[in-house]
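> model this:
(one chain, ligands or ions: 1)
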Amino acid sequence: ADLTISCGAVGAELELCEQGVAAWEEKTGHEVDIVSTPNSSTERLSLYQQILSAQSGDIDVLQIDVVWPGLLANHLLDLHQTLGEKAAQGHFATIVDNNTVDGRLVAMPWFTDAGVLYYRKDLLEKYGFTPPETWQELTETATQIQAKEREAGSEKMWGYVFQGRAYEGLTCNALEWVASNDGGAIVDADGEITIDNPNTASALDLAASWIGEITPQGALNYSEEEARGIFQSGNAVFMRNWPYAWSLTQSDDSKVAGKVGVVKLPHGAEGESAAALGGWNLAVSKYSENPELASQLVAFLTGEPEQKRRAIQAAYNPTLTALYQDEEVLAAVPFFGTLYDTFTNAVARPSAVTGDNYGQVSNAFFNATHSVLSGEQSGAQAVAQLKSELSRIKRRRW
Ligand SMILES: OC[C@H]1O[C@H](O[C@H]2O[C@H](CO)[C@@H](O)[C@H](O)[C@H]2O)[C@H](O)[C@@H](O)[C@@H]1O
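Below you'll find the model as predicted:
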């Protein structure tokens, strides 16, 4: 093959990547190998760090998470050099900024992401509820519907599923609980560690109270796909997930097709709804033997026709702003219109400010959160310990 690209394999994303690559092969006559990567963003990062630190040219084009540009920049090509200064024109400026490290465009935006709340329209209607505005309301609605559905014979019904495994996805969920309860964003824009506050502690305690009650104990090991599996088989009232789950819940083999609504996530007693900013980008390895050709593939996959196809077919949020005005896109995924503000105001994880240390910061945060969810310590104990751990990491470098 002329090139190798790595793609994620969550939901339908590998298939979508294969289709995009096949279209480019057809257009150019080049051959591309596709390497699929682990579903967990945390595991994917370790894999990439191994490959790149060995300066291996095995993968030319890498799908990289929105929190990685700072971590991987030294191993990535400046795409301004191969695609020109205007390469990223038309994409959300905040994402382009995020992907620009020391003036170098190290990745092209491919899709953006933000946490949203999926709910069972049919069940809320059946029992006379509206989608919850606050986490407290979600807890109450989920508790009541779960109890009533179980009484009516749906023994496997749960109130709320989310990503509770100790990995990057839990950092995103917990950041949403904390930011929407006025607890801040782990580390603030000036690099100050702000996590040890009562609003953060109470947000984590509320989440811990769900486990075993409205959320299965097994959720302590759920990532995106396990949560989707439960919701899509009709066994949950609410689910926190990313937009990709929309198309799959509407597919022919879904038990909940036509019964799902999507709204912004609830907020805490103190704050306003917050969605974690996610998303993926395409980068070219500095060790690629074919940087020009690899850049051409990146330009094609991140271009308008591909982004539109991916939005319509599989609900991947475009990074090209104009596609949010596109009628076909809005018809396929109505909440790209109704939740536009959620996507543009999503809360970033502190990757820009913590630089090379982001991986350690996120690990410390998701492990602390996981220990609260699993009942090992209270929210207050966890955030106090987390503060000293983050201070240690900060003292070493940041
Ligand atoms: O929305 C589909 C994508 O879901 C994952 O990525 C998102 O969650 C990650 C945490 O689990 C987060 O770091 C990333 O920024 C989000 O976009 C999954 O890793 C992707 O493969 C998938 O396309």
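> what residues does the stretch 201-350 of the chain put near the ligand?
Residues of the stretch 201-350 of the chain lying close to the ligand by Cβ under 6 Å from any ligand atom are Glu224, Trp242, Tyr244, Gly278, Gly279, Trp280. For the C-beta atoms, the positions are set from N, CA and C on the backbone; glycine is no exception.
> most neighbours of all those, which one?
Neighbour counts for those peak at Trp242, which has 26 neighbours (criterion: other Cβ atoms under 10 Å).
> tell me the contacts of the residue nearest to it when sequence neighbours are not counted?
Leaving aside its sequence neighbours, Trp242 sits nearest to Asp113 (Cβ to Cβ, 6 or more residues apart in numbering; 4.8 Å). Listed by Cβ atoms under 8 Å, 6 or more residues apart in numbering, the contact set of Asp113 reads Val66, Trp242, Pro243, Tyr244, Leu277, Gly278, Gly279, Trp280, Asn317.
> so the last one bridges to which residues?
Which is Asn317. Residues in a beta bridge with Asn317, per DSSP bridges, are Thr112.
> relative to Ser288, how far out is it?
27 Å (Cβ to Cβ, to the nearest Å).
> among these two, which residue is more densely surrounded?
Neighbour count, other Cβ under 10 Å: between Asn317 and Ser288, Asn317 has more, with 27 against 21.
> so what's the more buried one up against?
Applying Cβ under 8 Å, 6+ apart to Asn317 gives the contacts Phe111, Thr112, Asp113, Ala114, Pro243, Gly279, Ala311, Phe336, Phe343.
> contact partners for the fourth one?
Spelled out, it's Ala114. Counting by Cβ under 8 Å, 6+ apart, Ala114 touches Trp242, Pro243, Ala275, Ala276, Leu277, Gly278, Asn317, Leu339, Thr342, Phe343, Ala346.
> rebuild those as a markdown table, extending it with pLDDT.
Below are the contacts of Ala114 laid out as a markdown table (pLDDT from 0 to 100):
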| residue | pLDDT |
| --- | --- |
| Trp242 | 98 |
| Pro243 | 98 |
| Ala275 | 98 |
| Ala276 | 98 |
| Leu277 | 97 |
| Gly278 | 98 |
| Asn317 | 98 |
| Leu339 | 98 |
| Thr342 | 97 |
| Phe343 | 97 |
| Ala346 | 97 |
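> phi, psi for the nearest residue to Ser374 once chain neighbours are set aside please.
Nearest non-adjacent residue to Ser374, counting by Cβ to Cβ, 6+ apart: Leu220, 5.6 Å away. Here is the backbone geometry of Leu220 (degrees, to the nearest 10): phi -60, psi -10.
> cool, and Leu72?
The phi/psi pair for Leu72 (degrees, to the nearest 10) is phi -110, psi 0.
> I figured it hits Ser53, correct?
No. Applying Cβ atoms under 8 Å, one finds Leu72 not in contact with Ser53, separated by 10.1 Å.
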